[in-house]
Each structure stands twice: as structure tokens, then as C-alpha cells.
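> pasting a predicted model and its sequence here:
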Amino acid sequence: MHTGDWPKTAEDALAVQERLRGLVDLVDDLAELPPTVTGLDVAYDGADGIAAAVVTLETTGLTVVEQRTHRARAVFPYEPGLFAFRELPPLLAALERLDREPDVLVCDGHGLAHPRRFGLACHLGVLTGLPAFGVGKTRFVGSHAEPGPSRGSAEPLVDAGEEVGAVLRTQDGVKPVYVSAGHRIALAHACRLTLALAPRYRLPETTRLADRLSRVALR
DNA sequence: GCGACAG
DNA sequence: ATCTTGTCGC
């Protein structure tokens, strides 16, 4: 699937999303501590310019192994629930430029914590076949209790009676993040990894570095 | 019917 | 996401 036959309308996107949704695999085969972690993010300019960035870090030490970017024109408007169709094209292009195959993708957005249980992290996982999970900065769906005040505290994120993710405190006294599985990874594993990637700041280093790189790529 | 609504 | 100054704190 490439930008050529990319859905142009919300109706088409919903159909594609529904088709891909059947391909999600929730079996967790990922090593407890994968050698590397790859973060992805996108930045926009005032018009329709869009820049994607992917950064692969060594899981131990969080040092940069490889990083790539891709600039393009936005081909799909932002629409809650169909967010993936806006960011996926440049993200996939940037991923294809990597020399080393990622071990796991850390996405800036949600996975199963989505109205139809298929957010950006699920799309990225299914389309690449790689383990993937999402770390969102704000809630999209579901409700939850307030996590304890210390780093590592977490509460389940529940939507329509289903546990779709976790609200995880990555730093003492700082607003928590929303973690959800995307593909080939368990929620608990995603949370452990998220904590390992956020030793100092609220957001995982993968997201912080990809965010910074995408902004630079936009200039 | 009235809000809410990832980035 | 992005528009935006100063300001509080380590």
C-alpha cells in the first residue's frame, strides 16, 4: 500500500482501517529488552508541509544508532479517529530509509486506545509487521483513576468496559502519559519499555528526539 | 439533543 | 499540530 492508492475520503479511510484491523496480532514475542527502540514523530508548517522523523536508539544507554527524515505534502486532513491517514505516508517513507530494521516502534499517539481499537500505533505495526505501541500525551478515549504521584505509578485506561491502555506516570509529580499496545506487544511490556525510555523527562527519549528532528527537517 | 474529539 | 513572552525553578 503506497501513496498512490491512499484513501482520499473519510469513508475510504474507514474501510481501509477496518480491513487492517483484522490483521492485528497481540502476541508478545519481543525480547524483554530489545537491542534497539525506534521513535517516530511528525511536524507541520503553517500550510500543508509535513516532515516525518524516525530515530533508532540503543535501548541500553539511549544513544542514537540511526536517524532518518522525509518531507512531503499532507495528503489527508486531520480527523480524530483517522489521524493515521495523515501521518502514515511520510512516516513509512522515513522508515524505509533506515538501514537497520527496527526492533520495536514507539509511536507518538495511541494504539488500541482508539474508538475502533485501531490507532496510529496499530496501523504502523500492521503495515510494517513490526512490534509497535503508542505513547500519547493526552487522552483520546476511556476513563481512569488518577495514578499515584510517583514515577512508575499506573492506572488502567478503560473504554466501554474494555481495558485499552494504561495511564502511566513517568516522572514524579508530572502529568502522566497514555500507553497502549499497537501490534505484537503486551501492554505491560510497553509500559516497562516506556519507563526505561523516560529516565529523566515525561516523554520517552525516542519521542523527544524524533520530535526535535522532525522540526529541524521542516526548515 | 449536547459535548468530546490522538496530532 | 501550531500561534507565542515572560517567567518560575533546577
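That came through, no problem. Numbers count the residues shown, from 1 in each chain, chains lettered A, B, ... in the order given.
> could you look up the SS state of residue A:57?
Per DSSP: H, G, I helix; E, B strand; the rest coil, the local secondary structure of residue A:57 is strand.
> so what's the residue count around it?
Around residue A:57 there are 23 other residues, counting by other Cβ atoms under 10 Å. (C-beta placed from N, C-alpha, C; glycine too.)
> how far away is it from residue A:173?
26 Å (Cβ to Cβ, to the nearest Å).
> and the residue of chain A nearest DNA strand B?
residue A:119 (2.8 Å; Cβ to the nearest atom of the strand).
> where do the strands sit along chain A?
A:36-44, A:49-58, A:64-73, A:105-107, A:132-136, A:154-159, A:162-168, A:177-183 (DSSP state E).
> mind putting these in JSON lines, distance to residue A:95 and mean pLDDT included?
JSON lines is the format used below for the strands of chain A (distance: least, Cβ to Cβ, whole Å; pLDDT from 0 to 100):
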{"stretch": "strand A:36-44", "distance to residue A:95": "7", "mean pLDDT": "97"}
{"stretch": "strand A:49-58", "distance to residue A:95": "5", "mean pLDDT": "97"}
{"stretch": "strand A:64-73", "distance to residue A:95": "8", "mean pLDDT": "97"}
{"stretch": "strand A:105-107", "distance to residue A:95": "8", "mean pLDDT": "98"}
{"stretch": "strand A:132-136", "distance to residue A:95": "11", "mean pLDDT": "98"}
{"stretch": "strand A:154-159", "distance to residue A:95": "27", "mean pLDDT": "97"}
{"stretch": "strand A:162-168", "distance to residue A:95": "23", "mean pLDDT": "97"}
{"stretch": "strand A:177-183", "distance to residue A:95": "14", "mean pLDDT": "98"}
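> is it true that residue A:156 touches residue A:163?
Yes - if you go by Cβ atoms under 8 Å, residue A:156 and residue A:163 touch, sitting 4.8 Å apart.
> residues from chain A in reach of DNA strand B?
A:41-42, A:44, A:78, A:80-84, A:108-110, A:114, A:119-121, A:134, A:136-140 (Cβ under 7 Å from any atom of the strand).
> can you say which of the residues you listed are buried?
Neighbour-count burial (16 or more other Cβ atoms under 10 Å) applied to the residues of chain A next to DNA strand B gives A:41-42, A:44, A:81-84, A:108-110, A:114, A:119-121, A:134, A:136, A:139-140.
> restricted to helices, list these.
Per DSSP state H, helices hold the following members of these: A:84, A:120-121.
> quick one on the thing from earlier: can you narrow the residues of chain A next to DNA strand B down to the ones near DNA strand C?
Applying Cβ under 7 Å from any atom of the strand to the residues of chain A next to DNA strand B, one finds that A:42, A:44, A:108, A:137 fall near DNA strand C.
> identify the farthest-apart pair in the residues you listed.
Across those, the longest distance by Cβ to Cβ is 15.9 Å; it joins A:44 and A:137.
> spell out which parts of chain A neighbour DNA strand C.
Applying Cβ under 7 Å from any atom of the strand, we find that chain A lies next to DNA strand C at A:42-46, A:108, A:137, A:215, A:218.
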